[in-house]
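Engineer: After the sequence you'll find the predicted model.
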Amino acid sequence: TSVKKKWRFYREPLIHFFVLGLAVFGLHAILERESEVNVDDPHLVEVSSADIEWMRTLFSKRMGREPTVQDLRGHLHQTIREQILSREAVALGLDEGDIVVRRRLAQKMEFLFNDISELVEPTEDELRAYYNENLQKYAIPAQLTFAQVYFSGENEGQERANQAVEMLINEKVNPQAAVERGDPSILSSGCTDCSEREIKNRYGREFAAGIINMETGSWKGPVKSAYGFHVVYVHNRKEEKLPAFQEITNQIRTDWMTTQRKESTSKVYREIRSRYQVLVEGLPYDFDVKG
């Protein structure tokens, strides 16, 4: 009889409810403890799939297209950087007395980087070395001065442009007045001392390729562009030129200082970044530093 009473005690619903409650309470305590460990770890940065989806949504609304992998990676790098720098800013007390968002704190750290990376004046040898390593950066590209006459239409435009070349040559038409022989256009009738890049921007890649090596002193064409066809008169060409070191010393100094400051800032960030663990969807992530 006593055994039956004992088993009846274990079958009581109230006992089952009590045991189940203890189990739920214990599970909740474990999860809460794990959550607190993650939250309290100042050197753990986590990016969830929801965060990435939010980046994708914001990009699509702002740019009107879906982001590429490279677009998302850039935003991810920026998010990680802001997280890390904002925490460092808080650790340094930069947030005291100022209610600011994460980005503002990160910006404060960026400014601090510039303050601590003040550079000494470069020597002439350092500037000359920088100049020699970046000659193409300082080269003045070839430049053309030309006039153009525009003809619209596909086949018809090409035919009229062909006829115009002979006519302009035979009649020795002044290039400045020749524009009146063509069709109205929003394009400028010519360009003075324009580089190939400037010509591309104004008239298109195809047009620039057609005239960049054109002979000077006579009408040539037709030259095709995205707009139609053109007859072109190249007045003169200035070949690519590399300014002497003495002519651009101030510019070289500015570029050297900018490069050194960027390198110094990157070094400081890498040192700080090395103290942080970053998880993206639960997996380690350090491509923002290595990539």
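Structural biologist: That came through, no problem.
Engineer: pull the CA atoms of stretch 189-206 into PDB?
Structural biologist: C-alpha atoms of stretch 189-206 as PDB (Å, rounded to 0.1, in the frame of the first residue of the first chain):
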ATOM      1  CA  SER A 189      31.900  72.800 -81.900                       C
ATOM      2  CA  GLY A 190      35.400  72.000 -80.700                       C
ATOM      3  CA  CYS A 191      37.800  71.600 -77.800                       C
ATOM      4  CA  THR A 192      41.000  73.500 -76.700                       C
ATOM      5  CA  ASP A 193      43.900  71.600 -75.100                       C
ATOM      6  CA  CYS A 194      41.700  68.600 -74.200                       C
ATOM      7  CA  SER A 195      43.100  65.300 -73.000                       C
ATOM      8  CA  GLU A 196      41.800  62.000 -74.200                       C
ATOM      9  CA  ARG A 197      39.800  61.600 -71.000                       C
ATOM     10  CA  GLU A 198      38.100  65.000 -71.500                       C
ATOM     11  CA  ILE A 199      37.300  64.200 -75.100                       C
ATOM     12  CA  LYS A 200      35.700  60.900 -74.000                       C
ATOM     13  CA  ASN A 201      33.600  62.700 -71.400                       C
ATOM     14  CA  ARG A 202      32.400  65.200 -73.900                       C
ATOM     15  CA  TYR A 203      32.000  63.200 -77.100                       C
ATOM     16  CA  GLY A 204      32.300  59.500 -76.100                       C
ATOM     17  CA  ARG A 205      34.800  56.800 -76.200                       C
ATOM     18  CA  GLU A 206      34.400  56.000 -79.900                       C
END
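Engineer: The spatially most central residue of the chain is in what secondary structure piece?
Structural biologist: Among the residues of the chain, the one closest to the centroid is residue 74, at 8.2 Å (Cα atoms, centre = their mean). In this assignment (DSSP states H and E), residue 74 forms part of helix 69-91.
Engineer: Kindly give the local confidence score, pLDDT, for the residue nearest to the centre of the chain.
Structural biologist: pLDDT recorded at residue 74 is 90.
Engineer: ditto for residue 66
Structural biologist: pLDDT for residue 66: 90.
Engineer: I figured it was touching residue 55, is that so?
Structural biologist: No. Shown here, residue 66 and residue 55 do not form a contact pair, counting by Cβ atoms under 8 Å, at 11.7 Å. In short, each C-beta sits where N, CA and C put it, glycine included.
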